[in-house]
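Enquirer: below are the sequence and a predicted model for it; my questions follow.
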Amino acid sequence: MTLPEHGSRPPGPPRPPRLAHAVALLFSAHAAGLVVPLLTVPWLARMLGPAGWAPVLVAQALANWAILVLEFGFDLAGTRDVAQAESHDAMARTAAAVQRARLLLTPLVAAGVVGVALLLGHETRLIAGTVGFVVARGLSPYWFFQGKQRIRAAALIDTLGKLLPAVAMFALVSGAEDGWRVVALQAIGAGLATMALTWRVHRQHALPAVTTREALHALRGAAPMFAARAASGLYLQANTLILSLMAPAIAVATYGGAERIVRAAINLLNPLTQALFPRISQLAKEAPEQALTEIRRTLMVLVGGAIAGALIIALFGHTVIALLLGPSYADSVAVLRVLVLAIPLVAAGTVLGIYWALPWRRERLFLGAILLGGAVNLTLAALLVPRWSAMGMATAVIFAELSVTTFLAVAFYRSTRSAQ
């Protein structure tokens, strides 16, 4: 169905694409994206070595946290607002306000990245690549196509922006001194993808000019979502940074290698989130009972699959580490077997937080859960990392995820029970 660029929607909500088709498409794109860590992690672990890889891991962790700030929660708030928009004009105005708001944040975020990178002692080329990667990913309008539930071309563009730099790494990264090229290539790929997606937004919609006041209003509206995202950074993106401040480089590589493998498994949730979140956001407004039914079914399926996946990774931990990281990372096996516990916990937390709390606009509840997890993570990291290094950080992560999931599960049970 072709949607008009201007004017109101026809009476009644547009019929979204079939969920199975959307999930299949996104999983196909994500499967291609999985080639990136499967190919690059073994290569980088061997070519850079633990000492050369550690600064790259820290730079990427810094970049991921800064991207989270620049996105400012619009990847969720903007997606939901587009999915629930009453007209195509409202969609276009949302896109314009969000992108203007992100442009306002860009100089501040870039300056912050430079400052932190200098404190960490990163070389100039690594800092430049980190800033470029942050700006490119942070300004991506991929969220807009997700909210419209029209993501075929956008998913292809986004995937190519990750795959092409990965291929280039094999030609351009061959020694410990080439670590800066890893982040620089990621910045180039993300920049090209963002330019292509931005062009598609303007080609499909005539975006209106929005004032700075409207951009600031958009920032205020997304602030609770951003606060939740930022708090989650206290036990996701920031952990490698925290470890780098409290433990030697070898511990950073030991934890970072295992964490990358587990994070790749957790990222399998992304395609389902990209398909389900806008769909459930729309159903929460138009057919809430149907939305709750889908949430309960998804919770059972995802958690069951996550438990099975975690058991497989734990059982074959030695083989997984040997194949992906090499013999220099034998200490990562024990860390990996602790971190796999996060897979089912994150699956449950994703369903209860992103699929339930946010579509029903329970941002404060979601924020409370994430703040609890961040506080648990930081407290346990301060207590355990000085004593147990990488294993201490892994333990802190698991208890943080457990606290988030438990908080949301209790809230979901109470809310749905009282509604019956």
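Expert: Thanks, I have the structure now. Residues are numbered from 1 along each chain as shown.
Enquirer: name the helix or strand for Ile398, please.
Expert: Per DSSP states H and E, Ile398 falls inside helix 363-419.
Enquirer: does Ala85 count as helix, strand or coil?
Expert: Here Ala85 is coil, with the state taken from DSSP: H, G, I helix; E, B strand; the rest coil.
Enquirer: Thr94 is in contact with that one, correct?
Expert: Yes. Using C-beta atoms under 8 Å, Ala85 and Thr94 qualify as a contacting pair, with a distance of 6.5 Å. (C-beta placed from N, C-alpha, C; glycine too.)
Enquirer: buried set for stretch 170-186?
Expert: Neighbour-count burial for stretch 170-186, counted by 16 or more other C-beta atoms under 10 Å, picks out Val173, Asp178, Gly179, Trp180, Arg181, Val182, Val183, Ala184, Leu185, Gln186.
Enquirer: could I get that stretch in CSV with only the CA atoms?
Expert: In CSV, the C-alpha atoms belonging to stretch 170-186 read as follows (Å, rounded to 0.1, in the frame of the first residue of the first chain):
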residue,chain,number,x,y,z
PHE,A,170,40.7,-7.9,6.8
ALA,A,171,42.7,-5.8,4.4
LEU,A,172,43.5,-2.8,6.6
VAL,A,173,44.0,-4.3,10.1
SER,A,174,47.1,-6.5,10.4
GLY,A,175,48.9,-5.5,13.6
ALA,A,176,48.6,-4.0,17.0
GLU,A,177,49.2,-0.5,15.7
ASP,A,178,46.1,-0.7,13.4
GLY,A,179,43.5,-0.6,16.2
TRP,A,180,42.4,2.9,15.3
ARG,A,181,41.4,1.7,11.8
VAL,A,182,38.7,-0.5,13.3
VAL,A,183,36.7,2.4,14.7
ALA,A,184,37.5,4.6,11.6
LEU,A,185,36.0,2.0,9.3
GLN,A,186,32.9,1.7,11.4
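Enquirer: quick one, domains of this structure?
Expert: Per automatic domain parsing, the domain ranges recorded for the chain read 17-221, 233-420.
Enquirer: what number of residues lie near Leu119?
Expert: Using other C-beta atoms under 10 Å, Leu119 is surrounded by 9 other residues.
Enquirer: so for the helix or strand that contains Arg296, what's the average pLDDT?
Expert: Per DSSP H and E: Arg296 is located in helix 288-315. Throughout helix 288-315, pLDDT has a mean value of 91.
Enquirer: and the contacts of the next helix or strand after that helix?
Expert: Using DSSP H and E, the helix or strand that follows helix 288-315 in sequence is helix 317-324. Contacting residues not belonging to helix 317-324 are listed as 38, 41-42, 45, 257-258, 261, 313, 329-330, 332-333, 336-337 [C-beta atoms under 8 Å, 6 or more residues apart in numbering].
Enquirer: so which other helices or strands are in contact with the helix or strand just after helix 317-324?
Expert: Sequence-wise, the next helix or strand downstream of helix 317-324 (DSSP H and E) is helix 332-339. Helix 332-339 sits against helix 249-266, helix 288-315, helix 317-324, helix 363-419, with contacts defined as 3 or more C-beta pairs under 8 Å, 6 or more residues apart in numbering; DSSP states H and E.
Enquirer: can you pull the buried residues of the very next helix or strand once past helix 332-339?
Expert: In the C-terminal direction, the helix or strand that comes right after helix 332-339 (DSSP H and E) is helix 342-350. Neighbour-count burial for helix 342-350 flags Ala342, Ile343, Pro344, Leu345, Val346, Ala347, Ala348, Gly349, Thr350 (criterion: 16+ other C-beta under 10 Å).
Enquirer: and the last one, how far from Leu372?
Expert: Summarising the geometry, the distance separating Thr350 from Leu372, computed by C-beta to C-beta, to the nearest Å, is 16 Å.
Enquirer: identify each buried residue in stretch 107-118, please.
Expert: Under the neighbour-count criterion of 16+ other C-beta under 10 Å, stretch 107-118 has Val109, Ala110, Gly112, Val113, Val116, Ala117 buried.
Enquirer: narrow those to those in helices?
Expert: Judged by DSSP state H, the subset of the buried residues of stretch 107-118 located in helices is Val109, Ala110, Gly112, Val113, Val116, Ala117.
Enquirer: report the contact partners of the fifth one.
Expert: Under the criterion of C-beta under 8 Å, 6+ apart, the neighbours of Val116 are Leu62.
Enquirer: what's the answer for the third one, then?
Expert: The contact partners of Gly112, taken as C-beta under 8 Å, 6+ apart, are Ala66, Val69.
Enquirer: and if you look at the first one?
Expert: If a contact means C-beta under 8 Å, 6+ apart, then Val109 has Ala66, Val69, Leu70, Val134, Val135, Gly138 as its contacts.
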